[in-house]
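1. the amino acid sequence is not available; the structure is as follows:
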């Protein structure tokens, strides 16, 4: 963490020095040397002992080196950078602006940086502001299609090739022993020191919502930005289950085995029927559209609980509800009830093994809340069960195992607590993890959706049978 903040400071310093260097030569050296006779100009510059462009190259090297480290620290992969998918992330706009800025710096140093100062006058200052302005404009163009900004191109412009990753290819790929950050020796009851982390598929845009189909032996998961729901089958690889998906996020199976999805784009909870048709279960509350349903979990009585933050909205103006709620859809008539609106950004959620407690992550507050479920399915209480720290990841997906240990994605990987809130450890992931779920027939495989890749690890304790 200390190295990270040091790199951020050096990164900002490099930008400041370079701009300051340009302005210094424009506002001071240029005008002064213009008023001095040519024979005296060389002597003046020699006394100044600063060669034109002298700070530019060191600043450029520091800017690039610290930028690479910062991106790595935040969990962004080389694949995301090379493929261009990084420009569809929250960091995309800033990164693209900096890339254009660096390109401007290089061009300036090569073609302008060593010209005699008297010939420049205010050219340096103009170049500085033009570089910054052009970087911002070009970055804005590159940013088109990023769901974190207020505008989008039509979906056809954002389509990508499907990821057909079968057994004859690179995947599944063993990544060796998983890295465990130990907070308590009890963690070894959950995960073995020699547990292997596997990458099952990769190359996606941003995947979420894994759910295992025990009848068919396959895993469904959503790629929000690709607007698709994928199916991963052992021995076959990845295929498209549903497209378009309404930018679906969280997925679950109801008691009849039908897929229930939280759709960002359509701002609804939907059900996919046996014939492939999709019907809406919840779209409005008291006459106002839902924000953008995020994650969901289904109780044994058929009730659907879901979170409704505004992450999928194109603009804050599109939000009709003045809060971010946790809702319940009744199984008998699909009526919608607001359970709580006290959370800043409710995200992942899960039931305890006995379904008497509902855990909800709050991404903005970086904590995990615990609510007691009353007999009428309403909530009471609402206490902070656990807090997370760090900035490489967020409080997101939540799951419970059969012994009531609590799992939540967070900075660095999968955080685990016992049922009393004691932190046990973190299962480190190569990419920023967004969600997870239990799979395989014994429910002892934890499937993890992490940015662009799907991972799996075998654990010692089976997951809770809750949907």
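-> Perfect, I can see it now. Quantities reported herein were computed from a predicted structural model and do not represent experimental measurements. Residues are numbered from 1 along each chain as shown.

2. C-alpha only now, for contacts and for neighbours.
-> Noted.

3. point out where this protein drops to low pLDDT.
-> The chain contains residues with pLDDT under 70 at 1-2, 4-5, 7, 11, 15, 18-57, 60, 63, 68-171, 466-467.

4. how's it carved up into domains?
-> Domains of the chain are assigned by automatic domain parsing as 2-143, 163-458.

5. now the end-to-end length of stretch 336-348.
-> Counting by CA to CA, to the nearest Å, you get 19 Å between the two ends of stretch 336-348.

6. what do you get for stretch 335-344?
-> First residue to last in stretch 335-344 (CA to CA) measures 24 Å.

7. which residues are contacting it?
-> Applying CA atoms under 8 Å, 6 or more residues apart in numbering, the external contacts of stretch 335-344 come out as 282, 285, 323-330, 362-365, 378-379.

8. wait, residue 401 touches residue 463, no?
-> Yes - using CA atoms under 8 Å, residue 401 is in contact with residue 463, at 3.8 Å.

9. what comes up buried for the strand ranked longest in the chain?
-> Secondary structure of the chain per DSSP state E: the longest strand is strand 379-387. By 16 or more other CA atoms under 10 Å, the buried positions in strand 379-387 come out as 379, 382, 384, 385, 386, 387.

10. partner strands of that strand, with direction?
-> strand 367-373 (antiparallel) (DSSP bridges).

11. returning to what we had before: so which of the contacts of stretch 335-344 is the closest to residue 213?
-> Using CA to CA, residue 329 is the member of the contacts of stretch 335-344 that lies nearest residue 213, at 22.2 Å.

12. OK, contacts around the closest one?
-> Applying CA under 8 Å, 6+ apart, the residues near residue 329 are 281, 282, 303, 304, 305, 335, 336, 337.

13. the fifth one is in what secondary structure piece?
-> Pointing back at residue 305 there. For residue 305, the host element (DSSP states H and E) is strand 304-308.

14. quick one: the helices in the stretch 101-250 of the chain?
-> Per DSSP state H, counting those that start in this stretch, the stretch 101-250 of the chain carries helices over the ranges 123-142.

15. what bridges to residue 361?
-> Note on residue 361: beta-bridge partners by DSSP bridges are residue 368.

16. and the gap between the residue lying closest to residue 444 once chain neighbours are set aside and residue 446?
-> Spatially, and ignoring its direct neighbours in sequence, residue 444 is nearest to residue 462 (4.3 Å; CA to CA, 6 or more residues apart in numbering). Distance, residue 462 to residue 446, using CA to CA: 9 Å.

17. shared neighbours of those two, which are they?
-> With CA under 8 Å, 6+ apart as the test, residue 462 and residue 446 both reach residue 438.

18. OK, contacts around residue 440?
-> Counted by CA under 8 Å, 6+ apart, residue 440 has contacts 212, 214, 217.
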